[in-house]
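Enquirer: here are the coordinates; sequence isn't available:
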């Protein structure tokens with residue numbers, strides 16, 4: 001992937017991360033194109049000037065920029081192709097609003113979702129399914145809050161008469 005584009009290019013991955021030699025046990029010619037995690041690490045190291053190492057010939061600014069641009073576009077393309085559908089859960093606000101709407105209870109006095117850990121954010125949003133992970137602890141909290149809300153919404157005793 002990082003092979004010479006033209007004869008004047010000094011940056012080649014095969015010398016450090018190819019079939020004969022693998023610096024850091026990394027062989028770039030064997031890394032799948034859709035392995036965004038490894039390619040992002042490569043981009044980070046090139047951008048930070050860690051690759052190639054100081055004792056090796058360095059690419060000029062235009063070569064480094066071109067390589068980074070190419071790698072970033074391939075990473076973006078690969079991540080769009082391999083996106084998987086995430087199991088969706090409600091964030092704290094959505095869960096609170098759902099309880100309010102389904103059970104017709106007032107949740108302004110106390111917020112039952114305070115027991116939940118803070119919602120993770122992705123791209124500055126707290127309602128993207130990819131960022132909202134479900135743990136066994138959180139599932140237990142969901143159920144605990146649901147029981148408390150259901151208890152608040154129901155009344156023991158005689159059932160009221162039907163009114164039409």
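Expert: Structure's in. What do you need? Remember, it's a predicted structure, so these values are computed and weren't measured experimentally.
Enquirer: Below-threshold pLDDT in the protein: ranges please.
Expert: Confidence mapping of the chain against pLDDT under 70 gives the ranges 1-14, 78-87, 120, 125-131.
Enquirer: Quickly list the domain ranges of it.
Expert: Following automatic domain parsing, one finds the domains of the chain at 14-81, 92-153.
Enquirer: could these go into JSON lines alongside mean neighbour count?
Expert: Heads up, the C-betas are built off the backbone N, CA and C, glycines and all. Below are those laid out as JSON lines (neighbours: other CB atoms under 10 Å):
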{"stretch": "domain 14-81", "mean neighbour count": "14"}
{"stretch": "domain 92-153", "mean neighbour count": "13"}
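Enquirer: Dump those into CSV; add distance to residue 161 as well.
Expert: What follows is these, written out as CSV (distance: least, CB to CB, whole Å):
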stretch, distance to residue 161
domain 14-81, 58
domain 92-153, 19
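Enquirer: Leaving out the residues flanking it, which one is nearest to residue 27?
Expert: Among residues not flanking residue 27 along the chain, residue 17 sits closest, at 5.7 Å (CB to CB, 6 or more residues apart in numbering).
Enquirer: Now do the helices in the chain.
Expert: 14-17, 36-47, 61-81, 92-103, 136-153 (DSSP state H).
Enquirer: closest one to residue 30 among those?
Expert: helix 14-17 (9.1 Å; CB to CB).
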